[in-house]
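>>> Task: produce atomic coordinates for the following.
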Amino acid sequence: MTQCSSLPSQSGGTISSQPSAARSRQTRVCVLGNLKGGAPEQLQVYVGAYQLAPKVELTVTREGDQLETQLTGQPKVPIYPETPTLFFLKIVDAQLEFAKDAAGKVTQVTLHQNGHDMVARKK
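Okay, the predicted model is just below:
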């Protein structure tokens, strides 16, 4: 079960689910089965390799109920859901936005980082 809700900020405002560069004082928090990342069956659809550049892959793996991502040559890092298709990293200001086809199959991910949007197609 997916639940999303807005949370008030400590300053009394709100934080939006927009990428961080466009955030106001509102956030939308999605719980995909639990607080860590989601129910394993809901997270499994995101697992796979995504071609970001000719020699660069963004790999998404699942460790129990936590999704992790790894860019070629870098360590694995956990990602956290903001919406059912938008995840964020805590170690850098970046978001991963997954796109699905009409059948619900994940076809690509867009990496939003440093004002750039880089699309990676699922292999």
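>>> Which stretches in the protein count as strands?
Using DSSP state E, the strands of the chain run over 2-7, 27-32, 48-53, 56-63, 66-71, 77-81, 86-89, 94-100, 106-113, 116-122.
>>> Those into CSV, with extra columns for mean pLDDT, distance to Gln42 and mean neighbour count?
C-beta here means a position set from N, CA and C on the backbone, and glycine is covered the same way. Below are those laid out as CSV (pLDDT from 0 to 100; distance: least, CB to CB, whole Å; neighbours: other CB atoms under 10 Å):
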stretch, mean pLDDT, distance to Gln42, mean neighbour count
strand 2-7, 45, 7, 12
strand 27-32, 46, 5, 18
strand 48-53, 97, 15, 16
strand 56-63, 96, 10, 16
strand 66-71, 96, 10, 18
strand 77-81, 95, 9, 18
strand 86-89, 96, 12, 20
strand 94-100, 97, 12, 18
strand 106-113, 97, 12, 18
strand 116-122, 98, 17, 14
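>>> a markdown table please, covering the ones you listed and showing distance to Glu41.
Below are the strands of the chain laid out as a markdown table (distance: least, CB to CB, whole Å):
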| stretch | distance to Glu41 |
| --- | --- |
| strand 2-7 | 12 |
| strand 27-32 | 10 |
| strand 48-53 | 15 |
| strand 56-63 | 10 |
| strand 66-71 | 13 |
| strand 77-81 | 14 |
| strand 86-89 | 17 |
| strand 94-100 | 15 |
| strand 106-113 | 14 |
| strand 116-122 | 18 |
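>>> isn't Leu111 right next to Leu58, touching?
Yes: assessed by CB atoms under 8 Å, Leu111 is found in contact with Leu58 at 6.7 Å.
>>> quick one: terminal-to-terminal distance for stretch 67-76?
One end of stretch 67-76 sits 10 Å from the other (CA to CA, to the nearest Å).
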